[in-house]
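K.L.:
Below are the sequence and a predicted model for it; my questions follow.
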Amino acid sequence: MLRPILDPTPAEWISSRLGGTFGAACRTVPRGYAAYARLCHPAERDRGGWASWSETAAETGRRAHSAMQWHALVGSPDPVNLTGSLWRGSPPGRGTLPAHSLTALLPVLGDHTSTSDTWFCLWEGYGWADETTLSREQLDAPRLRHPGREYLMFAGPLTSAKELGWRPRPNWFEAQSPNLFWPDDRAWCVATEIDFDSTLVAGEEALIDALVKAPGLEAWRIEPDTSLAADGDRINHVP
């Protein structure tokens, strides 16, 4: 079960390992790991079900690759409004990994750490994160401060990553994946930047290999300096 952390010191190792040019993966997930992966958030089809970015690229005549950008895959010059998009469904969600993808990710991560104790960070700016969802103790806790972002911290077993979120109605739980989380042994670190439609994972080679092969996930190997900026897709460029 998640518990609030009132001292952000356990997360202070991350900030000194963040940096790089605008859009670089290592501005979101820390440097210093052997390998890195990008998990592309799936998109919802207009008639239900989910589509991977690779499936979308095949349907729109584009090429899937590790630095692809959604707007370029769907033929839009506009990364925000997706004007002229060839995709009829919804775009991938930004800032959260869908619940079914998070469920597929957690056991893979669990196989590559020596501890079940995990640290979690949640961006403080979510509108639902108020006294109806979080306790006063949680809301008053000191924040972890990174450039342009502040986070509430929690700890618990790895599986408690699925406990973050809110209930718009009593029988409806809207999950929010952690924006940052890592095990106590720091064997890996996972980051979902609030403006990204991808989740980044840093860890050992074996973990990244396992993610690339894992069912239920679309993972691509990347480098720490791979650009995830809107203009980072040099293959599916839309004039």
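P.N.:
Arrived safely.
K.L.:
buried stuff in the helix ranked longest in the chain?
P.N.:
Looking across the chain with DSSP state H, the single longest helix is helix 99-110. For helix 99-110, burial by neighbour count (16 or more other CB atoms under 10 Å) applies to S101, L102, A104, L105, L106, V108, L109. In this view, the C-beta of every residue, glycine as well, is placed from N, C-alpha and C.
K.L.:
Hmm, L217 and the first one touching each other?
P.N.:
This means S101. Yes - S101 lies in contact with L217 (CB atoms under 8 Å); the separation is 6.2 Å.
K.L.:
tell me, what's touching the two both at once?
P.N.:
L39 (CB atoms under 8 Å, 6 or more residues apart in numbering).
K.L.:
low-confidence ranges in the chain?
P.N.:
Applying pLDDT under 70 to the chain flags the ranges 131-132.
K.L.:
care to break it down by domain?
P.N.:
Split into domains by automatic domain parsing, the chain comes to 27-42+93-228, 43-91.
K.L.:
nearest to A11, of the ones you listed?
P.N.:
domain 27-42+93-228 (4.8 Å; CB to CB).
K.L.:
Now the terminal residues of the closest one, how far apart.
P.N.:
End-to-end span of domain 27-42+93-228 (CA to CA, to the nearest Å): 10 Å.
K.L.:
Now do that domain: distance to the chain's middle.
P.N.:
Computed by CA atoms, centre = their mean, to the nearest Å, the chain-centroid distance of domain 27-42+93-228 equals 6 Å.
K.L.:
ok, the buried residues of helix 99-110 vs V212, which is closest?
P.N.:
Closest approach between these and V212, by CB to CB: V108, at 10.3 Å.
K.L.:
List the contacts of the closest one.
P.N.:
Applying CB under 8 Å, 6+ apart, the residues contacting V108 are L207, A210, L211, A214, L217.
K.L.:
Identify the farthest-apart pair in those residues.
P.N.:
Going by CB to CB, the pair spanning the contacts of V108 furthest: L207 and L217, at 12.2 Å.
K.L.:
what's the closest of the buried residues of helix 99-110 to P239?
P.N.:
Using CB to CB, these come closest to P239 at S101, 32.3 Å.
K.L.:
Can you show me the helices along this protein?
P.N.:
12-15, 53-60, 70-73, 99-110, 136-139, 205-213.
K.L.:
what are the pairing partners of the biggest strand by length in the chain, and which direction each?
P.N.:
With secondary structure taken from DSSP state E, the chain has its longest strand at strand 149-157. Neighbouring strands of strand 149-157 in its sheet, by DSSP bridges, are strand 3-4 (antiparallel), strand 117-123 (antiparallel), strand 144-146 (antiparallel).
K.L.:
G95 contacts N179, correct?
P.N.:
Yes - at 7.4 Å, G95 counts as touching N179 under the criterion of CB under 8 Å.
K.L.:
Tell me which of the two has more neighbours.
P.N.:
N179 (25 against 18; other CB atoms under 10 Å).
K.L.:
hmm, back to that, which neighbours do G95 and N179 share?
P.N.:
Joint contacts of G95 and N179 (CB under 8 Å, 6+ apart) are W123, T192, E193, I194.
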